[in-house]
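Asker: coordinates only, no sequence provided:
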């Protein structure tokens, strides 16, 4: 998250924090579109995405989308604009390294394919698992990684190995030409310039829940003045 | 994310966006502490957490932590303050419902236990899997859910079922007394007031990577003026 670290905008002039919200808007617009809505106000879309509407309007202004006064945004067109900006209109070939429970879960994850991410290779270090089928993919050995990345045009690698294997896998991915890594392993990765890494920490969301749970148990915690606790999922 | 939706602060007066960053600061402080650092400047901590230092100082001011001019923050004390604020000094009993690949991966996830989250029950709808051991827990049938939640004092439930089962599971969790739900299922859940839901969408991070990947491929994209692309993981 290079650009967020000092608040400077990313390469295209869109701040990192806005980039991180675009997929959330995209999901909200997809749901609104599926429910039959043709146009949406910034307030409606902001509520569906779980942000405030001023922030939403600011974010969309980076895309040159300002909506129409009194009408709002055209759902399909805004969806198209955001998808194009993120790049999910393209087809992204993804390799998953580490086919334990998490790697298997990720290989089956329906939310990837529907957003343009196609899992094209499954790789594991355990030779005894080579050839094991998951969907229409057979597990390949880690020694095949370079060849698979090149042959199948992978630019994105997902690391779902144990922590102590993650750096070596990252090095091999980078050497093979992968320039974006999604890291589920409990390890901090060092990568050369030009390679982006995002780390997923599944405990972060649990900690946010714990924060609110603790407040519910504290007699003095003031929950008045809050909007309905009915959750708007983002 | 009730409070974030309209920008109003959460019950304790800390804005939702700040709450969401506290676990990131906690992780950064833990890593800095393990590396032997006793005090840390706001700039160091901000870099380690991947935010800008003005935002960090603002966030910490909600906790009453202002650091010492010229010295910075005491790593251990700030870690303690944040952990207490989030509530991870407490012991949280968690039930996981849906013990497929993802549920199994979550039940083994080391990052939960180290943050105060203790998996105390594994529940699945498939009767043929009852009794299957994962670590020191046997899978129980979904019909046992109410009893287990009460007996083992679960306040947090994790849903890792297919999408079409998620709402029924959420209803049962809530009926049994669970007031915080972490939802990995591809479904939007409706829950009563007083219940918090956080949804994990594993494709969001991939979409953020795709955004940058697309920029790398676009010849006109201006990447000058950026800080080093060496990634500071947050």
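Answerer: Cool, got the structure. These figures come from a predicted structure and were not determined experimentally.

Asker: which stretches in chain A count as helices?
Answerer: With DSSP state H, the ranges of helices along chain A come out as A:2-5, A:16-34, A:42-49, A:53-61, A:75-86, A:101-107, A:110-113, A:145-151, A:163-176, A:203-217.

Asker: leaving out sequence neighbours, find the closest residue to residue A:186.
Answerer: Nearest residue to residue A:186, sequence neighbours excluded (C-beta to C-beta, 6 or more residues apart in numbering or on different chains): residue A:163, at 4.2 Å. From N, CA and C alone the C-beta is placed, and that goes for glycine too.

Asker: swap in residue A:64?
Answerer: Leaving out its chain neighbours, the residue that sits closest to residue A:64 by C-beta to C-beta, 6+ apart is residue A:81, at 7.9 Å.

Asker: quick check: that neighbour touching residue A:67?
Answerer: No. Here residue A:81 does not reach residue A:67: they are 11.5 Å apart, not a contact under C-beta atoms under 8 Å.

Asker: do you know which of the helices of chain A lies nearest residue B:103?
Answerer: Closest to residue B:103 of those is helix A:101-107 (C-beta to C-beta; 8.3 Å).

Asker: buried residues in that closest one, which are they?
Answerer: Buried residues in helix A:101-107, defined by neighbour count with 16 or more other C-beta atoms under 10 Å in any protein chain shown: A:101, A:102, A:103, A:104, A:105, A:106, A:107.

Asker: do you know the pLDDT at the residue nearest to residue A:53 when sequence neighbours are not counted?
Answerer: In space, and not counting its chain neighbours, residue A:53 is closest to residue A:46: 3.8 Å by C-beta to C-beta, 6+ apart. Confidence at residue A:46, expressed as pLDDT, is 91.

Asker: who touches residue A:46 in this structure?
Answerer: Residues near residue A:46 by C-beta atoms under 8 Å, 6 or more residues apart in numbering or on different chains: A:52, A:53, A:55, A:56, B:5.

Asker: do that again at 7 Å, thanks
Answerer: Taking C-beta atoms under 7 Å, 6 or more residues apart in numbering or on different chains, we find residue A:46 in contact with A:52, A:53, A:56.

Asker: any idea how far it is from residue A:59?
Answerer: 10 Å (C-beta to C-beta, to the nearest Å).

Asker: need the residues touching each of these two.
Answerer: By C-beta under 7 Å, 6+ apart, no residue touches both residue A:46 and residue A:59.

Asker: could you give the number of residues near the residue nearest to residue A:64?
Answerer: Neighbour count of residue A:81, defined by other C-beta atoms under 10 Å in any protein chain shown: 19.

Asker: test my guess that residue A:105 contacts residue B:104.
Answerer: No. Using C-beta atoms under 7 Å, residue A:105 is not in contact with residue B:104, being 8.2 Å away.

Asker: how about the nearest residue to residue A:49, chain neighbours excluded?
Answerer: residue A:28 (4.3 Å).

Asker: these two touch, right, that neighbour and residue A:48?
Answerer: Yes. Counting by C-beta under 7 Å, residue A:48 is a contact partner of residue A:28 at 3.9 Å.

Asker: re the thing from before, need the buried residues of helix A:101-107 in JSON lines (columns: distance to residue A:197).
Answerer: Listed next are the buried residues of helix A:101-107 as JSON lines, based on distance: C-beta to C-beta, whole Å:
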{"residue": "A:101", "distance to residue A:197": "22"}
{"residue": "A:102", "distance to residue A:197": "17"}
{"residue": "A:103", "distance to residue A:197": "18"}
{"residue": "A:104", "distance to residue A:197": "22"}
{"residue": "A:105", "distance to residue A:197": "21"}
{"residue": "A:106", "distance to residue A:197": "16"}
{"residue": "A:107", "distance to residue A:197": "20"}
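
Asker: of those, which ones also sit close to chain B?
Answerer: Residues of these in contact with chain B (C-beta under 7 Å from any C-beta of the partner chain): A:101, A:102, A:104, A:105, A:106.

Asker: which one of those residues sits closest to residue B:196?
Answerer: Top of the list for closeness to residue B:196, among those and by C-beta to C-beta, is residue A:105 at 23.8 Å.

Asker: which residues sit in contact with the residue nearest to the spatial centre of chain A?
Answerer: What sits nearest the mean C-alpha location of chain A, by C-alpha atoms, centre = their mean, is residue A:23, with 7.3 Å. With contacts defined as C-beta under 7 Å, 6+ apart, the neighbours of residue A:23 are A:86, B:204, B:207, B:208.

Asker: repeat the analysis, applying 8 Å as the threshold.
Answerer: Applying C-beta under 8 Å, 6+ apart to residue A:23 gives the contacts A:86, A:115, B:201, B:203, B:204, B:207, B:208.
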